[in-house]
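> Got a sequence here, can you model it:
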Amino acid sequence: MNKILVIEDEDIIRENIFDALSLNDFEIFTAENGIEGVRLAKQINPDLILCDIMMPLMDGYGVLKEIKSDEKFTLTPFVFISAKSNHEDIRNGMNLGADDYLIKPFLLQDLLKIVSLKLEESERKKKIYYNKQQDLIEQYGSVQMHELNTPMNGILTSITLLQEMGVKNYSKEVEELLQIINVSSKRLHRSLSNILYYKQLEGVNYSFYSEVIKETSISVTLINIAKNYNRREDLIYFSEADIIQFDRKLLLTIISELVDNAFKFTLKDDKVFFSLLQKENAIEIKIRHNNRNNFEIEEFENSHPFVQFKKEKYEQAGIGLGLSIVKLIAIQHGLKLNYEIDTNNNAVFTINFP
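Next up, the predicted model:
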């Protein structure tokens, strides 16, 4: 329901406008002078403002100047209602930024027509503004991520080459340092990639492509994650489904983020259980691991991007985006995502794919 603010000092006119617009499914707020009108506008952030010109304390021109000086009202339609109808008055109001003029006395149908027209124009402007804003964000983000990812890829490639070239020549200490640099670089690369990926998903710029994904693709992904933590033996994998139909990148992202978190928040010899189950009308993925840090259900439900669980207590790696990406994909594509803590204090994530 659109919110309309009516600023008018004449009681009868103000009440008539209130009654007429209220009957047409608008939420109406009223003010009897300019100062009160400005205060109320900043409080309720209306979708359209109807304002008289000749008023005590602050006239309509003063209200318009005050309103338009605030960036949040840039796209808010402002319509003068006044008995002043000469060309100079109208031009003055338009020059200050008014969107239209309604001359007293006016018919109900004229009021409704101008209100509907200005709200429609406002919606079109907002869409254009939003699309341009998203384009700028996407272009800026792509440029920035490219500038960051390019040197990062160079670092990762160089480290790999150094490790391959120096197997027999490097001391144990140098090999360990190279391994630390390699892991740290991959972690930074992952964080940068997740920031860009989340922005793409958030802006609905991702093109969903459904395909048949074999179970082997999932098992390879799981094994690689376990190996990154040097914990291949801690991964317990079970599957009773040979294929799953979904977007490959989104599916593997969900699995990667949840399983990576499972290893990140557990210790060596803590088992991470992954199962791919065939249900009646869905494929169910279940991930279970020791809830060693005693994360609570409320923390999962209220999680936000760039906010880590119990950061003040546990200095875990990452930037808190992985779970947010999983939740965003689930919401956008109708997946049922559930988190619970079982009687043995295991954290259990369940995702159902139709």
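
> how near is D59 to A31?
13 Å (CB to CB, to the nearest Å). (Glycine included, C-beta is placed from N, CA and C.)

> higher neighbour count, these two?
Higher neighbour count among D59 and A31: A31, with 22 against 17, using other CB atoms under 10 Å.

> If that one is in a bridge, with which residues?
When assigned by DSSP bridges, A31 has beta-bridge partners I7.

> That one touches I44, doesn't it?
No - counting by CB atoms under 8 Å, A31 stays clear of I44, with 10.4 Å between them.

> Spit out the residues that contact those two alike.
Taking CB atoms under 8 Å, 6 or more residues apart in numbering as the criterion, A31 and I44 both touch L5.

> What's opposite the residue nearest to M1 when sequence neighbours are not counted in the beta bridge?
Excluding its sequence neighbours, the residue lying closest to M1 (CB to CB, 6 or more residues apart in numbering) is E27, at 4.9 Å. Counting by DSSP bridges, E27 is bridged to K3.

> In this structure E27 contacts I4, no?
Yes - contact criterion CB under 8 Å: E27 and I4 qualify, at 7.1 Å.

> So for those two, which sits in the more crowded spot?
For E27 versus I4, the count of surrounding residues by other CB under 10 Å is larger for I4: 25 against 14.

> Could you report the separation of that one from K42?
Look at I4 and K42: by CB to CB, they are 16 Å apart.

> and if you look at V6?
According to CB to CB, V6 and K42 sit 16 Å apart.

> Which SSE is immediately downstream of the host helix or strand of I181?
Element membership for I181, per DSSP states H and E: helix 172-202. With elements assigned by DSSP H and E, the helix or strand that comes after helix 172-202 is strand 210-214.

> Can you tell me what sits against that following strand?
For strand 210-214, contacts defined as CB under 8 Å, 6+ apart pick out 242-248, 251.

> Quick check: the farthest pair among those?
D242 and D247 (18.3 Å; CB to CB).

> Please say which of the two ends up with more neighbours.
More crowded of D242 and D247, by other CB under 10 Å: D247, with 18 against 11.

> phi, psi of the more buried one?
Note on D247: its backbone torsions stand at phi -80, psi 120 [degrees, to the nearest 10].

> My read is that it contacts Y209, right?
Yes - between D247 and Y209 a contact is recorded at 5.5 Å, counting by CB under 8 Å.

> Okay, strands next: where are they in the stretch 1-150 of the chain?
If DSSP state E, counting those that start in this stretch is used as the criterion, the strands of the stretch 1-150 of the chain fall at 3-7, 27-31, 48-52, 78-82, 100-103.
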